[in-house]
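Visitor: sequence and predicted structure are below.
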Amino acid sequence: MMSDQKIILQSSPHFNHKDSVPKIMYTVILSLMPAVAASFYFFRFRALLLYSLSIAACLLTEAVFLKLRKKPMSSVWDGSAVITGLLLAMTLPPSLAPEMVVIGGVVAIALGKQVFGGLGDNIFNPALVGRAFLQVAFPIGMTTWIPPVTLQVNTATFATPLGNLKFHNALAEGIMSPLRDMFWGNTGGCLGETSTIALLLGAAFLLYKKAIDWRIPAGILGTLTVFTGIFWAINPERYASPSFHLLAGGLMIGAFFMATDLVSSPITGLGTWIYAVGIGLMIALIRLFGGYPEGVMFSILFMNTFVPLINRSTRPRIFGERRAS
């Protein structure tokens, strides 16, 4: 006996999932809180200033562009602009001038996100686009460092661990930053990148929630460890150990929170490994042989450009599909 109930079939995709854009975004925001707390502890008022300005600039720019494009304003609060502001501030020197922070936030949203059509259409990580612009436009401000309040050193001669390694022959002069300080965060660097333990706590939360693909950080960290380990084994008096490279600079925040961006990273399994190994290899090459002490930002942005090609080249064969003769 047939029922009078009507069944409506809608267009694909035919799946339902409990995750949503705001839920994913605020999960990532929550995972960043240990590193944010660490930056408040080590840099105090400067941390509050940079976070406030960066997030405010990103939110305001997002609202302006949505208004101009006549898009729903509700997406301002989906968390994506807040994440961009947080990550941008975390990759900036604590001493950076306020107006530069605002400019970076505007560029991150305007050029890194909205000009491509908004969330889901951008090919680059927006926070790294903002940081790259600041690096080119204000090189002095982006390379002026202050020590954490817990570290008593001469500010005029202070440099980051990677800066000491690249420009001051730290291995020969014995001015390498202790690995213990680099692990806890009691060293110089960008606002949210110094405390490895805080970043790892947030990363563990993301992995537990399955909000990121574990293969990306595994590929980046593994490639960097192997490549730098080879040169360290050959000449330990010239090249720093893999442990130093793992703890130094923006590696952890880049590997777990930026390279894993769902929009600008590959969607295939093989493509993910290619993408991650490429980032890790580029970081190692820049740090070991380049004129710039850090390479995380450039490596991720460089590999972002290849993501569409990687996705196309590593697309699994459809069941029953025949290859063209």
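Guide: Done, it's in.
Visitor: pull the contacting residues for the spatially most central residue of the chain.
Guide: By Cα atoms, centre = their mean, the chain has its centre lying nearest to Met258, at 2.6 Å. Going by Cβ atoms under 8 Å, 6 or more residues apart in numbering, Met258 touches Leu87, Asn125, Ala127, Leu128, Val296, Ile300. Just so you know, the C-beta spots here come from the backbone N, C-alpha and C atoms, and that holds for glycine as well.
Visitor: so, low pLDDT: which residues of this protein?
Guide: Across the chain, the ranges flagged by pLDDT under 70 are 1-18, 152-158, 168, 170, 172-175, 318-325.
Visitor: closest one to Lys209 out of the contacts of Met258, please.
Guide: Leu87 (17.7 Å; Cβ to Cβ).
Visitor: tell me who's in contact with the closest one.
Guide: Applying Cβ under 8 Å, 6+ apart to Leu87 gives the contacts Leu32, Asn125, Ala127, Gly192, Ile253, Phe257, Met258.
Visitor: quick one, helices of the stretch 1-150 of the chain?
Guide: Here the stretch 1-150 of the chain has its helices, by DSSP state H, counting those that start in this stretch, at 21-43, 45-68, 80-90, 98-110, 126-137.
Visitor: swap in the stretch 151-300 of the chain?
Guide: 161-167, 170-173, 179-184, 196-208, 215-234, 242-247, 251-253, 269-289, 296-304.
Visitor: packing partners for the fifth one?
Guide: Translated: helix 215-234. If you count contacts as 3 or more Cβ pairs under 8 Å, 6 or more residues apart in numbering; DSSP states H and E, helix 215-234 packs onto helix 242-247, helix 251-253, helix 269-289.
Visitor: circling back: now the contacts of Met258 as CSV including distance to Ala198?
Guide: What follows is the contacts of Met258, written out as CSV (distance: Cβ to Cβ, whole Å):
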residue, distance to Ala198
Leu87, 14
Asn125, 20
Ala127, 18
Leu128, 20
Val296, 17
Ile300, 20
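Visitor: which of those residues sits closest to Trp184?
Guide: Taking Cβ to Cβ as the measure, Trp184 sits nearest to Val296 out of these, at 20.1 Å.
Visitor: what sits closest to that closest one if chain neighbours are left out?
Guide: Spatially, and ignoring its direct neighbours in sequence, Val296 is nearest to Gly254 (3.8 Å; Cβ to Cβ, 6 or more residues apart in numbering).
Visitor: what about the residue nearest to Leu49 when sequence neighbours are not counted, how many neighbours?
Guide: With sequence-adjacent residues excluded and distances taken as Cβ to Cβ, 6+ apart, Leu49 is closest to Pro98, at 6.6 Å. Look at Pro98: counted by other Cβ atoms under 10 Å, it has 12 neighbours.
Visitor: isn't Pro98 right up against Tyr51?
Guide: No. Counting by Cβ atoms under 8 Å, Pro98 stays clear of Tyr51, with 11.9 Å between them.
Visitor: one step back: filter the contacts of Met258 to the buried ones?
Guide: For these, a neighbour count by 16 or more other Cβ atoms under 10 Å gives the buried set as Leu87, Asn125, Ala127, Leu128, Val296, Ile300.
Visitor: mind listing what the fourth one touches?
Guide: For Leu128, the contacting residues are Thr91, Gly112, Met258, Met297, Ile300, Leu301, taking Cβ under 8 Å, 6+ apart as the criterion.
Visitor: right, and out of the residues you listed, which lies closest to Val76?
Guide: Gly112 (16.1 Å).
Visitor: distance to Lys71 for the helices of the stretch 151-300 of the chain - can I get that in a markdown table?
Guide: Listed next are these as a markdown table, based on distance: least, Cβ to Cβ, whole Å:
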| stretch | distance to Lys71 |
| --- | --- |
| helix 161-167 | 41 |
| helix 170-173 | 50 |
| helix 179-184 | 43 |
| helix 196-208 | 28 |
| helix 215-234 | 30 |
| helix 242-247 | 41 |
| helix 251-253 | 30 |
| helix 269-289 | 30 |
| helix 296-304 | 24 |
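Visitor: of all those, which lies closest to Ala37?
Guide: Closest of the helices of the stretch 151-300 of the chain to Ala37 is helix 196-208, at 7.0 Å (criterion: Cβ to Cβ).
Visitor: mind giving me the packing neighbours of the closest one?
Guide: Where contact means 3+ Cβ pairs under 8 Å, 6+ apart, helix 196-208 is packed against helix 21-43, helix 179-184, helix 251-253.
Visitor: ranking these by burial, who's on top?
Guide: Scoring the helices and strands packed on helix 196-208 by mean neighbour count under mean count of other Cβ atoms under 10 Å gives helix 251-253 as the most buried, with a mean of 27.
Visitor: separation between Gly250 and Gly219?
Guide: Distance from Gly250 to Gly219, counting by Cβ to Cβ, to the nearest Å: 17 Å.
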